[in-house]
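# Provided below for reference: sequence and predicted model.
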Amino acid sequence: MIKVDKYPPYYGPEWEKKIRDPSNPNFWKYGVANLVFLDFIKGRKLILDVGCGTGGSTFFLAEHIEAAFIIGVDVVKSMIQVAKQNAHKKGFSHKTEFIVCEGRLLPFKDSNFEALISRGDAFVFLIPQDKALQEFNRILSPGAILVMEMDNHGALTKWGTETYSFQKMHDGKIVYIVETYDFDRNHRATSYVLKPEGKIAKEISREQGFVKNGHLKVSCSFQEIQKETTEIRQGLLTHWPTPKEIRKLLETNGYVNIEVKGNGLFMKLLLEGEKTIVKTMKNHPQIFFEVERRLIPQINPDRASTIIVKALKP
């Protein structure tokens, strides 16, 4: 029996560790995105963070700008739970709030926010994406700014292919994941949950790469996988717009002063394993965040690993 996941496959405590780990690309992506958001939304008093996760960008902005209030929303309950705990620990409960809700159906009044930010892959889950932009438009006040950061999988993935890997989930289960990328830039992952006492799960759990990273890219016979599968989970569909497509979406939905830029040069070096550069990056992350931010105007968005989007509501 195939179970269809209702939510993105993220778990709050696990995600919090990833974004704090300099070995994880998201640490670098989000560090730069925070500086970009800071550049664009200074002076805005009421801000919405869509797909806030555990509150990384929400807290960064709460610390660095004079915003009156920042609300973070995410559809994953465990993300919001961690974000609320972090707000208390960091002393930002008075100027932040976190709510579990759907990004295409926001529980806020019309023309309410002066800025909306969205970091990571939140937007790619909001299908149809024109409906999400219409909802953003509804809750933004005239002259409000929209700033989004998202992966540009066109630069990282060969569309029209499938990838195969084993992964350890936060509950300790081992899954075999088949990821399908079609030519229309849609992505879906199907996870085969393996019997913990099965031959495959035992063999994979002893692999050095899997022990170290909890992840191993390798294909396996479907016949063997199916013999040891206890459950099949069908992931949510995502769509990864090209820079040209995201610009057209924004124009069609009434946004103006649209900018679509590339980002992620150093993240690419991190992924490629340039050891000397990676070591220097880890020793001086704030310097590299700033250098990366300054490089953004020079990078071709079509070839970049990450896209930065800015637009205004007229």
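Perfect, thanks for sending it. What you are looking at is a predicted structure, and each value in this text was computed from that prediction instead of being measured.
# mind listing the strands for the protein?
2-4, 46-50, 69-74, 96-100, 113-118, 140-151, 161-168, 174-181, 186-194, 215-217, 229-234, 238-239, 256-263, 306-312 (DSSP state E).
# what's the closest of these to F59?
Of all the strands of the chain, strand 96-100 sits nearest to F59, with 7.1 Å by CB to CB. C-beta here means a position set from N, CA and C on the backbone, and glycine is covered the same way.
# Could you list the domains of the protein?
9-152+240-312, 161-238 (automatic domain parsing).
# now those domains in CSV, with distance to I2 and mean neighbour count?
Compiled in CSV, these are given as follows (distance: least, CB to CB, whole Å; neighbours: other CB atoms under 10 Å):
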stretch, distance to I2, mean neighbour count
domain 9-152+240-312, 15, 19
domain 161-238, 5, 15
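# nearest to K3, of the ones you listed?
domain 161-238 (5.1 Å).
# Endpoint to endpoint, the closest one covers what distance?
End-to-end distance for domain 161-238, by CA to CA, to the nearest Å: 15 Å.
# hang on, the earlier thing: now the strands of the chain in TSV, with mean pLDDT and distance to R294?
Shown next, in TSV, are these (pLDDT from 0 to 100; distance: least, CB to CB, whole Å):
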stretch	mean pLDDT	distance to R294
strand 2-4	70	43
strand 46-50	97	24
strand 69-74	96	26
strand 96-100	97	29
strand 113-118	97	20
strand 140-151	96	16
strand 161-168	92	34
strand 174-181	93	32
strand 186-194	93	31
strand 215-217	90	32
strand 229-234	91	42
strand 238-239	93	30
strand 256-263	95	11
strand 306-312	95	13
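# mind giving me TSV with the ones you listed and columns for distance to A62?
Shown next, in TSV, are those (distance: least, CB to CB, whole Å):
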stretch	distance to A62
strand 2-4	36
strand 46-50	9
strand 69-74	6
strand 96-100	5
strand 113-118	12
strand 140-151	16
strand 161-168	33
strand 174-181	35
strand 186-194	32
strand 215-217	33
strand 229-234	35
strand 238-239	29
strand 256-263	23
strand 306-312	21
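# For I287, find the nearest of those.
Nearest to I287 among the strands of the chain is strand 256-263 (16.5 Å), distances taken as CB to CB.
# Show me what the longest helix along the chain is packed against.
Determined from DSSP state H, the single longest helix within the chain is helix 25-41. In terms of contacts (3 or more CB pairs under 8 Å, 6 or more residues apart in numbering; DSSP states H and E), helix 25-41 is packed against helix 12-19, helix 56-64, strand 113-118, strand 140-151, strand 256-263, helix 265-272, helix 285-295, strand 306-312.
# If we use 7 Å, what do you get?
helix 12-19, helix 56-64, strand 113-118, strand 140-151, helix 265-272, helix 285-295, strand 306-312 (3 or more CB pairs under 7 Å, 6 or more residues apart in numbering; DSSP states H and E).
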